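> Can you look at this prediction? I've put the sequence above it.
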Amino acid sequence: MGDPVQQGMFDSLHRDMIVGFGTWEFDPMELDNPFPNGEGSVHLWHGTDDRIVPVILSRHVSHKLPWIRYHELQDAGHLFIMADGMADTIVKALVLGDHW
């Protein structure tokens, strides 16, 4: 049997590829603001060294959809969430409203 962590990373990358290169039934850029009264926001984190999803894509989306709060991580790749402490840092930012 393979390493479960390695298998989990493979599955995650595989799903990301399906989403990124698949056919969607809607245009994500035409999504309505799910928080029209300012009661929340959608957070998007993206690493500048992501070699799977170009960082320019997230920059574009965050400029077009103002209800997205964009967080850019310098020198981080696609799987930055796997880095020690990163998940806790993100949860802390969501709960406490910390800005990056």
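Cool, got the structure.
> going forward, measure contacts between C-alpha atoms and count neighbours the same way
Will do.
> ok, which stretches of the chain are helices?
For the chain, helices defined by DSSP state H occupy the ranges 4-21, 55-64, 86-96.
> Let me have these in TSV, extended by mean pLDDT.
Converted to TSV, the helices of the chain look like this (pLDDT from 0 to 100):
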stretch	mean pLDDT
helix 4-21	74
helix 55-64	93
helix 86-96	85
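> for residue 69, what are its contacts?
41, 42, 43, 44, 62 (CA atoms under 8 Å, 6 or more residues apart in numbering).
> Buried only: go through the residues you listed for me.
residue 62 (16 or more other CA atoms under 10 Å).
> thinking again about what came up before, please work out which of the helices of the chain is packed deepest.
helix 55-64 (a mean of 14; mean count of other CA atoms under 10 Å).
> contact partners of it?
29, 44, 46, 47, 48, 49, 68, 69, 70.
> Widest-spaced pair of those?
29 and 49 (23.6 Å; CA to CA).
> more crowded one of these two?
The residue with more neighbours, out of residue 29 and residue 49, is residue 49; 16 against 11, by other CA atoms under 10 Å.
> quick one, what contacts the more buried one?
Contacts of residue 49 by CA under 8 Å, 6+ apart are 55, 74, 75, 76, 77, 78.
> Now residue 48. Its backbone dihedrals?
Backbone torsions of residue 48, given as degrees, to the nearest 10, read phi -70, psi -20.
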